[in-house]
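Asker: model the following, please.
(one chain, ligands or ions: 1)
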Amino acid sequence: MIFDSHTHLDDSAYDTDRDDVISSLIQNGVGLVVNCGADMATSASSVALATKYPHVYAAVGVHPHDSKDMVEEDIATLRNYYLESNKVKAIGEIGLDYHYDNSPRDIQKYWFEKQMELAYELSAPVVLHVREAFGDAMDIIRKYNGKVKRAVLHCCSASPEIALECVDYGYYIGVGGAVTFKSATKIKEVLKAIPLERVLLETDCPYMTPVPYSRRDRNEPKYSSHSAKVIGEVLGISGEEVEAVTYTNACKFFDITDKM
Ligand code: NI
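Answerer: Predicted coordinates for the structure are as follows:
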């Protein structure tokens, strides 16, 4: 059974068949998903999805792309989402993204740190998005080491050294469709360097569609079996074993006890 630790099923890509996709998750081998907010609107829609479907949980937070639109009251709103629903399990996705620089870097850093502070206050796990910004991101992550006890480096593009440092802090590494791409050399090195007990399986759907599908196709949680198979090939175990271990990992990470 798959635990997809990072979805965006509230995305408009599912507007025509969202209920079908979500209702058929379990029959397609996906027991649980965590839908991640990326701005205030999608944080709200993630909470709504988690409220509607028993097998959907939510993370709430603002992605670095959209941190330029954040205002101080948003922190209180995110806090309330987390405190008011036991289906809201994490703060995320938050971090730094210097690939697109959609928000100025000082603004990204300011709101990343504010949301890390919120996670520390709530003792909540964190879903981290870091792209081409590991220098600055690790400065903030190191500052919160020992305070923020659980975090996952989602869609990990870190070097094995940085991934190992995060694993040393007790953190997890998120692995999805990118592991199936021809270019996936770094993440395979990371997988060989860390224990499978620190890996979370994810899609980031509708994005990051795994091979054998086209990258242009809409991704879905059920396609995680292809990523699990490739992770298994790297580690010399079956895809089913990868699914089982990462399912347990995600339940532990998000503190979900109602295992399927
Ligand atoms: Ni995402």
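Asker: and Ile91, that's in a strand?
Answerer: Yes. Assessed with DSSP: H, G, I helix; E, B strand; the rest coil, Ile91 lies in a strand.
Asker: doesn't Leu78 make contact with it?
Answerer: Yes. Using Cβ atoms under 8 Å as the test, Ile91 is close enough to Leu78 to be in contact (6.8 Å). Where C-beta positions appear, they are placed from N, C-alpha and C, glycine not excepted.
Asker: now do Ala59 against Ser159, distance only.
Answerer: Using Cβ to Cβ, to the nearest Å, one gets 25 Å for the distance from Ala59 to Ser159.
Asker: more neighbours: which of these two?
Answerer: Using other Cβ atoms under 10 Å as the criterion, Ala59 and Ser159 rank with Ala59 on top: 32 against 14.
Asker: does that one sit in a helix or strand, and which one?
Answerer: strand 56-60 (DSSP states H and E).
Asker: pull up the pairing partners for that strand, direction included.
Answerer: If you go by DSSP bridges, strand 56-60 pairs up with strand 30-36 (parallel), strand 88-97 (parallel).
Asker: give the buried residues for the helix or strand following it.
Answerer: Next in sequence after strand 56-60, counting helices and strands by DSSP H and E, comes helix 72-84. Within helix 72-84, the residues that qualify as buried are Asp74, Ile75, Leu78, Arg79, Tyr81, Tyr82, counting by 16 or more other Cβ atoms under 10 Å.
Asker: quick one: contacts for the nearest residue to Ile26 once chain neighbours are set aside?
Answerer: Take Ile26 and drop its neighbours on the chain: the residue closest to it by Cβ to Cβ, 6 or more residues apart in numbering is His55, 6.3 Å away. Taking Cβ atoms under 8 Å, 6 or more residues apart in numbering as the criterion, His55 is in contact with Leu25, Ile26, Gly31, Leu32, Val33, Met260.
Asker: distance of His55 from Tyr207?
Answerer: His55 sits 21 Å away from Tyr207, taking Cβ to Cβ as the criterion.
Asker: endpoints of stretch 4-22, how far apart?
Answerer: Criterion Cα to Cα, to the nearest Å; first-to-last residue distance in stretch 4-22 is 12 Å.
Asker: tell me the average confidence for it?
Answerer: Here the mean pLDDT over stretch 4-22 is 98, rounded to a whole number.
Asker: gap between that stretch and the chain center?
Answerer: Once both centres are worked out by Cα atoms, centre = their mean, to the nearest Å, stretch 4-22 turns out to sit 15 Å from its chain's centre.
Asker: returning to what we had before: can I get the buried residues of helix 72-84 in a markdown table with pLDDT and distance to Glu240?
Answerer: Converted to a markdown table, those look like this (pLDDT from 0 to 100; distance: Cβ to Cβ, whole Å):
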| residue | pLDDT | distance to Glu240 |
| --- | --- | --- |
| Asp74 | 98 | 41 |
| Ile75 | 98 | 41 |
| Leu78 | 98 | 36 |
| Arg79 | 98 | 39 |
| Tyr81 | 98 | 35 |
| Tyr82 | 98 | 33 |
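Asker: about what we covered before: only C-alpha atoms, please: export the strand holding Ala59 in PDB.
Answerer: Written as PDB, here are the backbone C-alpha positions of strand 56-60 (Å, rounded to 0.1, in the frame of the first residue of the first chain):
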ATOM      1  CA  VAL A  56      -6.800  12.600   2.900                       C
ATOM      2  CA  TYR A  57      -4.700  14.600   5.300                       C
ATOM      3  CA  ALA A  58      -3.500  18.200   4.900                       C
ATOM      4  CA  ALA A  59      -0.400  20.300   5.300                       C
ATOM      5  CA  VAL A  60      -0.800  24.100   5.400                       C
END
